[in-house]
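Colleague: Based on what follows, work out the 3D shape:
(one chain, ligands or ions: 2)
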Amino acid sequence: MLEMIINDKACRGCKLCLDVCPTDCFVYNEETNKAIVDKVENCIGCLSCAYICPSGAIVHKNHHVVGNFYRNIYFSKRMEKFL
Ligand code: SF4
Ligand code: SF4
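Modeller: Ligands and ions are numbered 1, 2, ... in the order given. From the prediction side, this is the model:
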């Protein structure tokens, strides 16, 4: 069973994971300003979120990569401001 964990302390609330996820696995908590894993069952294991997260806050366990790696140049450019 796939597990996905967001390290709360590391998350800086940039929402890039929400933007990049093709299956809407995340929601945003407006009170804490952090991303939350909402529908782990929707995850296709593309690892785009883990790739794009500027804090390296997203960890997957027991995943099988079934989708193509999803890399979008637009989001990559947005990420540059965090580097
Ligand atoms: S991409 Fe990373 S830092 Fe940004 S909201 Fe998602 S988990 Fe938090
Ligand atoms: S691995 Fe892909 S499908 Fe799964 S939560 Fe991350 S971006 Fe979404």
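Colleague: Secondary structure of Cys17: a helix, I assume?
Modeller: Yes: counting by DSSP: H, G, I helix; E, B strand; the rest coil, Cys17 is part of a helix.
Colleague: what's around it, how many residues?
Modeller: 25 (other Cβ atoms under 10 Å). The way it works is simple: take the backbone N, C-alpha and C, and place the C-beta from them, glycine included.
Colleague: how near is it to Leu2?
Modeller: Going from Cys17 to Leu2 by Cβ to Cβ, to the nearest Å gives 16 Å.
Colleague: Where does pLDDT dip in this structure?
Modeller: Residues of the chain that meet the criterion pLDDT under 70 lie in 64-72, 83.
Colleague: ok, which residues in it are in contact with ligand 1?
Modeller: 6, 11-17, 35, 53-55, 57-58 (Cβ under 6 Å from any ligand atom).
Colleague: What subset of those residues is buried?
Modeller: Among the residues of the chain next to ligand 1, the ones that count as buried by 16 or more other Cβ atoms under 10 Å are 6, 11, 14, 16-17, 35, 53-55, 57-58.
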